[in-house]
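> Kindly return the folded structure for what I paste below:
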Amino acid sequence: MSDLPRKAVTRTAKLAALPLGFAGRATWGLGKRLGGRSAEIVGRELQQRTAEQLFKVLGELKGGAMKFGQALSVFESALPEEIAGPYRAALTKLQEAAPPMPTSTVHAVLAERLGADWRELFEEFEDKPAAAASIGQVHRGVWHDGREVAVKVQYPGAGRALLSDLAQLSRFARLLGPLIPGMDLKPLIAELRDRVAEELDYALEAEAQQAHAEEFAGDPDVVVPAVVHQGEQVLVTEWLAGVPLSEVIAGGTEEQRDRAGQLLARFLFSGPARTGLLHADPHPGNFRLVPGADPDGPVSGWRLGVLDFGTVDRLPDGLPPTIGASLRLALDGEADAVYRMLCAEGFVKESVELDPDAVLDYLLPIIEPARMAAFPFARDWMRRQAARIGDPRSPAYQLAKQLNLPPAYLLIHRVTLSTIGVLCQLGATVRLRDELEAWMPGFLPEPEEADADGHDADVPEAAGPEPDADDAAGSPAAASPA
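Numbering: from 1, shown residues only. Below you'll find the predicted structure:
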């Protein structure tokens, strides 16, 4: 296989072929139907061929094209089943694998970045990649001190490829938009472009990963592999074995799904509070279920392994308290207070005037998971939300068009949506409110607020949820369906 395609004209042609290919297959399908084959059979074949081409092009190009595909993959649970089915396998495949770059290229990068004697750093090095992602691929090896390691090697020319791909994909955003009803893909692509420089900088990634590894060392719920060696375009970390989250989604037990979902929510909200960093690439390929200290113990003893810290949001003070406070007020039905807070933070522009009750009606279905003690995330629920917001005839659609997303909240918003998408793919029942109360600044009322309401003002500091019988047993608390 050739190296990563780098010439802009070549990459543009491949990307341009995607919408053209969709149109060509539609014409092919019409011919088949005229020939007497059923529309249902032809439709399935069309979707399968489209999914295969999508993976082939995005996977071969890697770079920004593949990163866009990974971003899309976490939202497949929002698609109607007749559309999602054929795309699910192809998009999920993007989360774990991609066509590898040649061994000679890998060796050349290692020799350039680690020195001509790079092999002396390893007791073993596997030429076949264990995983491939948008800007690099990972090889398994044994470091010279005997530790099993993951060696992340950046594709030559990845930076130029990322920028070129995302610039071209923004031109096709309108055509690709139907893949995710109710979501404007242009801001997603623009935000991905803004993060290119950070993700290409392995020094920044190593710093973020090591901060997490040190903070979560010995944690009963989360494990992050430590950094072993960092150089330009090469990052060596401890190897993390476990069950990829994509496999849990595809065939995990109910206990595994619930445990993975609970820990994913816990990591999302606790990370900024504990490290000042928000892991901002929450697709299933970056997570593992890792056996705990007792491999023969219950599934609930498993931990969540977290990989790839190339994209993080730096939040030295943790998540903005406004998020937690507005969420609590919305759950309490305080429409006017929520509206004032949204206006103050820039979610409602000064030139726009909205009905506070209409805004609350728009928000309540979205924050439904925080209302219940344990919420069963499901694709059906996600589809209902997507349909409600994505239907141009609905009041929710019209109101959403008038709301604004301030730049400071853009990455937090995408991470939250992506995480909810993964929870729905898992079909996990999650005690989300427990995590919000433990880790979300502003969600619990301040002591003086509690006093004014006549409630207990002795609110403990956020220190993580207490383990309960459900965690010990590996089964969620009972919850009524959405």
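> Do you know the pLDDT at the closest residue to residue 308 other than its chain neighbours?
In space, residue 308 comes closest to residue 286 once its chain neighbours are excluded; the distance is 4.5 Å by C-beta to C-beta, 6 or more residues apart in numbering. Every C-beta, even on glycine, is put in place using the N, C-alpha and C of the backbone. Note on residue 286: pLDDT of 91.
> One more: residue 223?
So residue 223 comes in at 96 (pLDDT).
> now do the one 5 residues further on
With respect to pLDDT, residue 228 scores 98.
> likewise residue 305?
pLDDT, residue 305: 97.
> Go ahead and confirm it touches residue 288.
Yes. Contact between residue 305 and residue 288 holds when scored by C-beta atoms under 8 Å: they sit 3.6 Å apart.
> hey, what's in contact with both of these two?
240, 242 (C-beta atoms under 8 Å, 6 or more residues apart in numbering).
> for residue 142, helix, strand, or coil?
Secondary structure state of residue 142, per DSSP: H, G, I helix; E, B strand; the rest coil, is strand.
> er, residue 153 actually
Recorded secondary structure, residue 153: strand (three-state DSSP).
> quick one, what contacts it?
106, 109, 110, 136, 137, 138, 139, 233, 234.
> bridging residues for it?
residue 137, residue 234 (DSSP bridges).
> Now do the strands in the stretch 251-400 of the chain.
277-279, 287-290, 303-306, 312-314, 375-376 (DSSP state E, counting those that start in this stretch).
> where does the stretch 51-200 of the chain have low pLDDT?
For the stretch 51-200 of the chain, the stretches flagged by pLDDT under 70 are 51-99, 133-134, 159, 161-197.
> what do you get if the cut-off is 90, keeping everything else the same?
51-102, 131-137, 154-200 (pLDDT under 90).
> sorry, back to before: nearest to residue 243, out of the strands of the stretch 251-400 of the chain?
Residue 243 sits nearest to strand 287-290 of all these, at 4.4 Å, using C-beta to C-beta.
> Determine the set of other helices and strands touching the closest one.
strand 243-244, helix 245-251, helix 254-275, strand 303-306 (3 or more C-beta pairs under 8 Å, 6 or more residues apart in numbering; DSSP states H and E).
> measure residue 306 to residue 380 for me?
28 Å (C-beta to C-beta, to the nearest Å).
> So those two - more neighbours on which side?
Taking other C-beta atoms under 10 Å, residue 306 and residue 380 do not tie; residue 306 has more neighbours (25 against 14).
> before we move on, the earlier item: any chance of a PyMOL selection covering the buried ones in the contacts of residue 153?
The buried subset of these, as determined by 16 or more other C-beta atoms under 10 Å, is captured in PyMOL by this line:
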select buried, resi 106+109+110+136+137+138+139+233+234
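> could you dump the contacts of residue 153 to JSON lines with distance to residue 226?
Shown next, in JSON lines, are the contacts of residue 153 (distance: C-beta to C-beta, whole Å):
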{"residue": "106", "distance to residue 226": "23"}
{"residue": "109", "distance to residue 226": "23"}
{"residue": "110", "distance to residue 226": "21"}
{"residue": "136", "distance to residue 226": "19"}
{"residue": "137", "distance to residue 226": "21"}
{"residue": "138", "distance to residue 226": "16"}
{"residue": "139", "distance to residue 226": "18"}
{"residue": "233", "distance to residue 226": "20"}
{"residue": "234", "distance to residue 226": "16"}
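> okay, now residue 128: neighbour count?
Residue 128: 9 neighbours (other C-beta under 10 Å).
> again with residue 157
16.
> Now the phi/psi pair for it, please.
Phi and psi for residue 157, reported as degrees, to the nearest 10, are phi 80, psi 10.
> just residue 237 next, same as before
Taking degrees, to the nearest 10 as the convention, residue 237 sits at phi -130, psi 170.
> Now it: closest residue in space that isn't a chain neighbour?
Residue 237's closest residue in space is residue 225 (C-beta to C-beta, 6+ apart), at 4.7 Å.
> For that neighbour, give its distance to residue 219.
With C-beta to C-beta as the criterion, residue 225 and residue 219 are 13 Å apart.
> Out of those two, name the residue with the larger neighbour count.
residue 225 (21 against 17).
> Hmm, residue 290 and the more buried one touching each other?
No. Using C-beta under 8 Å, residue 225 is not in contact with residue 290, being 10.0 Å away.
> Spit out the residues that contact the two alike.
In contact with both residue 225 and residue 290: 240, 305, using C-beta under 8 Å, 6+ apart.
> which residues does residue 241 contact?
Taking C-beta under 8 Å, 6+ apart as the test, what residue 241 contacts is 288, 290.
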